[in-house]
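> just coords:
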């Protein structure tokens, strides 16, 4: 079963719930890094957080990145995945995509449902 890493801002709980459901309906396994919830407790744990995220990305076939709001972590995760040869699909929620997003994503979609469908498309 293909696996997809759900990149997005730490407080994007609605995105994560909806994406998890849609990804499962696609027949893929969602990997939510927020299962290791460090919100409010990041200081001194930065290496643990980043190494866990990178290991999750390495273990996935693709990354679904929520670029609905600016977020450094999401950008870094998408860039890492792109460099590792993973398919990156960007979900914008209607926010105009940044040129970097357009360049590294195999697909950019304003609608979450369209973004999830794009995961299964050829790169």
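Received the coordinates, thanks. Quick caveat, the model's predicted, so the values are computed rather than measured. Residues are numbered from 1 along each chain as shown.

> from now on I want contacts and neighbour counts done on CA atoms only, so please keep to that.
Fine.

> mind giving me the packing neighbours of the helix or strand bottoming out on mean pLDDT in the chain?
One helix or strand of the chain scores below all others by mean pLDDT, DSSP states H and E: helix 46-58, with a mean of 89. Counting contacts by 3 or more CA pairs under 8 Å, 6 or more residues apart in numbering; DSSP states H and E, helix 46-58 packs against helix 72-83.

> buried ones in the helix it packs on?
74, 75, 77, 78, 79, 80, 81, 82 (16 or more other CA atoms under 10 Å).

> that helix versus helix 46-58: what angle between them?
Going by axes from the mean of the first three to the mean of the last three CA atoms, to 10 degrees, helix 72-83 is angled at 40 degrees with respect to helix 46-58.

> and helix 72-83, how far from the chain's centre?
8 Å (CA atoms, centre = their mean, to the nearest Å).

> the following helix or strand past that helix pairs with which strands?
Proceeding N to C from helix 72-83, the next assigned helix or strand is strand 87-91, under DSSP states H and E. Strand pairing for strand 87-91, determined by DSSP bridges: strand 62-66 (parallel), strand 107-109 (parallel).

> and those strands as TSV, adding mean pLDDT and distance to residue 95?
Below are the strands paired with strand 87-91 laid out as TSV (pLDDT from 0 to 100; distance: least, CA to CA, whole Å):
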stretch	mean pLDDT	distance to residue 95
strand 62-66	97	10
strand 107-109	97	10
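
> closest one to residue 100 among those?
strand 107-109 (11.4 Å; CA to CA).

> tell me the mean pLDDT for the next helix or strand after that closest one?
Moving toward the C-terminus from strand 107-109, the next helix or strand (DSSP H and E) is helix 112-119. For helix 112-119, mean pLDDT rounds to 96.

> list the buried ones in helix 112-119?
Result for helix 112-119 [16+ other CA under 10 Å]: buried residues 112, 115, 116, 118, 119.

> below-threshold pLDDT in the protein: ranges please.
38-42, 45, 122-123 (pLDDT under 70).

> spatially central residue for it, please.
In the chain, the residue lying closest to the centroid (CA atoms, centre = their mean) is residue 7, at 2.5 Å.
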